[in-house]
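**Student:** Got a sequence here, can you build the structure:
(one chain, ligands or ions: 1)
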Amino acid sequence: MNKNLRAAVIAGNWKMNKTRPEAKALVEELKPLVKDAACGVVVCVPFTNLETVLEAAKGSNIKVGAQNCHFEKSGAFTGEISADMLVEMGVEYVVIGHSERRQYFGETDVTVNKRVKAALAAGLNVILCVGEMLEDRELGITDELVAMQTKIALNGVSKDELKKVIIAYEPVWAIGTGKTATAEQANEVCAMIRSTVAKLYDKAAADALTIQYGGSMNAKNADELLAQPDVDGGLIGGASLKAPDFSIIVNAASK
Ligand code: PEP
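**Tutor:** Next up is the predicted model:
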């Protein structure tokens, strides 16, 4: 596998954090710190911050993403946001299937698949999250479970559409817990995801796919995780809320 075949991408997931003035301040602080990045830089922000962050990021190398979108184009879905609404604003990325959506908001593999397809049809880049719970890892079913999540999420996604998909491997036990997967554990599952994608599509498609690790990645452990052959970037929660920390991770991915 040749890492040079694919783009390294560091994406921040701000979760439910930051008011609009705070969001603007964070992006303004981040811009000069990541301006020379040799990797993709994305910030996935709350819906209420999208317009502010799009404006603040204008003319910079920072791309803007949302943290979810609905699978229908419009209609009676109170509280939801469609992929078309995001595109119309100028949003380029969307996180789909984050474990917090799966855990707290009833997201299933089937609704993740619907959202992935709707987002791609609208022209968005998708950051698709997969990952096992601690019980799954202890039962020794990580590979089966993550392969299944990947297969269902990509059901009906064409090889051409796959070019706009990033898969983020996020072991649920490592998200927001301060417990990071070891670099070897992260690489093992990212490599397994790549071989699953090779079986679904072909080797060239799998070689070109950006696979991120996410789960307590921070300024201290980023170097080791990002040096792994199948880890092409990171989805960063807590550490993306501080510009200096996030920029250290971005610069680690740029090496
Ligand atoms: C995340 O929100 O996707 C995440 C990985 O969070 P953290 O970095 O805080 O573990």
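**Student:** who does the host helix or strand of residue 10 pair up with?
**Tutor:** Taking DSSP states H and E as the definition, residue 10 sits inside strand 9-13. Strand 9-13 pairs in its sheet with strand 40-44 (parallel), strand 233-236 (parallel), by DSSP bridges.
**Student:** What mean pLDDT does it get?
**Tutor:** Mean pLDDT, strand 9-13: 98.
**Student:** quick one, the following helix or strand past it and strand 40-44 angle?
**Tutor:** Sequence order places helix 20-34 as the next helix or strand after strand 9-13, per DSSP H and E. With axes from the mean of the first three to the mean of the last three Cα atoms, to 10 degrees applied, the angle from helix 20-34 to strand 40-44 works out at 170 degrees.
**Student:** so of the strands paired with strand 9-13, which one's packed in deepest?
**Tutor:** Comparing the strands paired with strand 9-13 by mean neighbour count (mean count of other Cβ atoms under 10 Å), strand 233-236 comes out on top with a mean of 30. C-betas here are computed from N, CA, C, even on glycine.
**Student:** right, and the helix or strand after that strand?
**Tutor:** Following strand 233-236 in sequence, per DSSP H and E, is helix 243-253.
**Student:** what's the single longest helix in this protein?
**Tutor:** Selection of the longest helix in the chain by residue count, based on DSSP state H, yields helix 183-200.
**Student:** quick one: average confidence on it?
**Tutor:** The average pLDDT for helix 183-200 rounds to 98.
**Student:** Where does the prediction get shaky in this structure?
**Tutor:** Within the chain, the segments meeting pLDDT under 70 span 1.
**Student:** who touches the residue positioned nearest the centre of it in this structure?
**Tutor:** In the chain, the centroid-proximal residue (Cα atoms, centre = their mean) is residue 127; its distance is 3.8 Å. Neighbouring residues of residue 127 by Cβ atoms under 8 Å, 6 or more residues apart in numbering: 11, 42, 44, 65, 93-96, 166-168, 212, 235.
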